[in-house]
Each structure stands twice: as structure tokens, then as C-alpha cells.
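Asker: build the 3D model from these lines:
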Amino acid sequence: MGEEPVDVATSRVATAGPAAVEPSGPGSVPITRTIRATTLGQAWLAAAGLVLREGRAARWGTEATREVALLTIAVGEPDPDDELIGRLGDPAWLAWMRANFREPGAVAELGGADSYARRLRDHAGTGRDQVAWLAARLAADPGARDATITTFQPATDTTYVPCISLIDAWAPDGRVQLVVYAHSLDLGKKAYANFVELAALQGEIAAGARLPTGGLVIHVKTAHIYEPELDAMARLVEDAGEVGAAG
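Answerer: Predicted coordinates for the structure are as follows:
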């Protein structure tokens, strides 16, 4: 109900009867989108292409964006050494995100907010290593459905809320899948770097649980591109040729 699958490769919108038609008015059912891709790079370009084609005018704070709301991105073979991202991504942003996920400390560009690394390895300054706990949870019970951690620190996150706030791991088919919630992803600058670091984190969790790595699913409330990056992303998507599938 309410899901409008998008054929990213052909730009068609598939409908499945009246339930798939976007309703309007009070009490309307939210429309969700889904992108399925084999690799992280393909998923990034497919999501960016969707925003460029069908995104609506929105804003982040005072900055204008183009936005697709309620997007699910599913990647079958998430590899932190993704060839497409390595070729097209900005090395500076990749390095910045790597430090954010791997170096505990404060992030100056985010007003001194805790890095993801600190949130994950020393949550709220308590010494709790959430990643180690999650891996141990799955190692003890590969069928666990509650191996869930958060980057959100409500007591101190008053002016900054991390984009990625919930990370859940499970192994329904014997492989560790990562399921992530993000309130927003900036597809013009940083999302591909998020993808890389999430895949690296997934690999670490799988190794700790002594299980192979499976797919990566990211639920995004607002997938967007800031207005100054729209033209550059349009050229990149056109030159690279987006690859993705719908569902």
C-alpha cells in the first residue's frame, strides 16, 4: 500500500492499481521509493538521478535543495573499495568521512559535535563500544533480530542530530545484512562516502560475528542535492550513465 516503485534505469514509474496512485489531502498514505543496485556506486548514481528527475524543491535550513522523500536504497554487494566511487568521488570528502567514522573526537565542521567514531565506540562518553557489542550479539545468536545500535545522543544532541542515527544488523540468510536509518543524505557531496564507511563497518561487524557479509539497506527520510551541486551532479550522472533497478 502506498509504494510507487521506480524503474531507475528507464525512468518509468510502475503502478499497481489504485493503491499505487499518490493520494492527496488529509490522511493520505505516504509514497515510498525503492532503488535496488548491485554496487554502492550504482546505488549512489541511481539515487542522484532520481532526485534530479523527480525531486521537489525543498530546503535544509536556509539552503535550497531538490529532494525525494522516503527513499529506500538496497545494495546487493556493498564493497568499501567500490570502483565507481573511487573513480568519481571527491578524495577530500572520502577522507573527511573516513575520519568521521574511524577517529574518535569532535568534528569542527559540525560545530564540535561528536564524530561517528566516538558515538559508536564510546557512546555518550560511557566507554560503551557499540560495534563490539553488536558483533558479539550476532556471534552469540546469529538469529538475533535485535542487534541494534544508535549514534543519537539525546542528552547532548540539541543543535546537531547525526544524519545516520540507527544501525541494525541481522543474518536472516546466514550473511550479515546492515539496515540503516538516515534522516537525510546529501547525494551531491557526501552520501557516497557514507555508503563506503557503512560498508566498511558492516564488514567489521560480520568479521566479529564470524559470518559472511550480505546486503546493505538504507532507509532515507530526505534524499537530496543542494542547489549549487545540481548542474555538476546532472553532468556526472549523464557522463557515467546511472545503473539501477526498481522494485
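
Asker: and the contacts of stretch 59-73?
Answerer: 30-35, 37, 43, 47, 50-52, 54-58, 184, 217-227, 230 (Cβ atoms under 8 Å, 6 or more residues apart in numbering). To be clear about C-beta, it is placed using only N, CA and C from the backbone, and glycine gets the same treatment.

Asker: any idea which element the closest residue to A144 other than its chain neighbours lies in?
Answerer: Nearest in space to A144, with sequence neighbours left out and distances taken as Cβ to Cβ, 6 or more residues apart in numbering, is R137 at 5.5 Å. If you go by DSSP states H and E, R137 is part of helix 130-140.

Asker: for that helix, packing partners?
Answerer: Packed against helix 130-140 by the contact rule (3 or more Cβ pairs under 8 Å, 6 or more residues apart in numbering; DSSP states H and E) you find helix 116-121, strand 147-150, strand 164-170, helix 191-209.

Asker: how about that helix, which residues are buried there?
Answerer: Within helix 130-140, the residues that count as buried by 16 or more other Cβ atoms under 10 Å are Q130, V131, L134, A135, R137, L138.

Asker: apart from its neighbours in sequence, what residue is nearest the first one?
Answerer: Going back to what we said before, that points to Q130. Using Cβ to Cβ, 6+ apart, the closest residue to Q130 is I149 (4.0 Å).

Asker: and the average pLDDT for the strand or helix carrying T65 is what?
Answerer: According to DSSP H and E, T65 maps onto strand 63-75. Computed over strand 63-75, the mean pLDDT rounds to 98.

Asker: from L110, how far out is A144?
Answerer: Here A144 is placed at a distance of 32 Å from L110 (Cβ to Cβ, to the nearest Å).

Asker: who has more neighbours out of these two?
Answerer: Applying other Cβ atoms under 10 Å to A144 and L110 shows that A144 carries more neighbours, namely 16 against 13.

Asker: show me what contacts the more buried one?
Answerer: Residues near A144 by Cβ under 8 Å, 6+ apart: R137, L138, W170.

Asker: doesn't A147 make contact with the first one?
Answerer: To tie it back to what came earlier, the one meant is R137. Yes: distance between R137 and A147: 4.4 Å, which falls inside the contact criterion (Cβ atoms under 8 Å).

Asker: and P78, which of the three is it?
Answerer: P78 falls in the coil class when you classify it by DSSP: H, G, I helix; E, B strand; the rest coil.

Asker: next, the buried residues of whichever strand or helix holds E238.
Answerer: Counting by DSSP H and E, the element that carries E238 is helix 230-240. Across helix 230-240, burial judged by 16+ other Cβ under 10 Å covers L230, M233, L236, V237, A240.

Asker: ok, and the closest non-adjacent residue to the fourth one?
Answerer: This means V237. G49 (4.8 Å).

Asker: wait, the one you found touches L236, no?
Answerer: No: in this structure, G49 is not within contact of L236 by Cβ under 8 Å, at 9.8 Å.

Asker: got CSV for the buried residues of helix 130-140, with distance to A92 and pLDDT too?
Answerer: Formatted as CSV, the buried residues of helix 130-140 follow (distance: Cβ to Cβ, whole Å; pLDDT from 0 to 100):
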residue, distance to A92, pLDDT
Q130, 28, 98
V131, 26, 98
L134, 30, 97
A135, 31, 97
R137, 35, 97
L138, 34, 97
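
Asker: tell me which of those is nearest to A193?
Answerer: Relative to A193, the closest of those is V131; by Cβ to Cβ it sits at 18.5 Å.

Asker: quick check: that closest one vs G89, distance?
Answerer: To G89, V131 is 24 Å away according to Cβ to Cβ.
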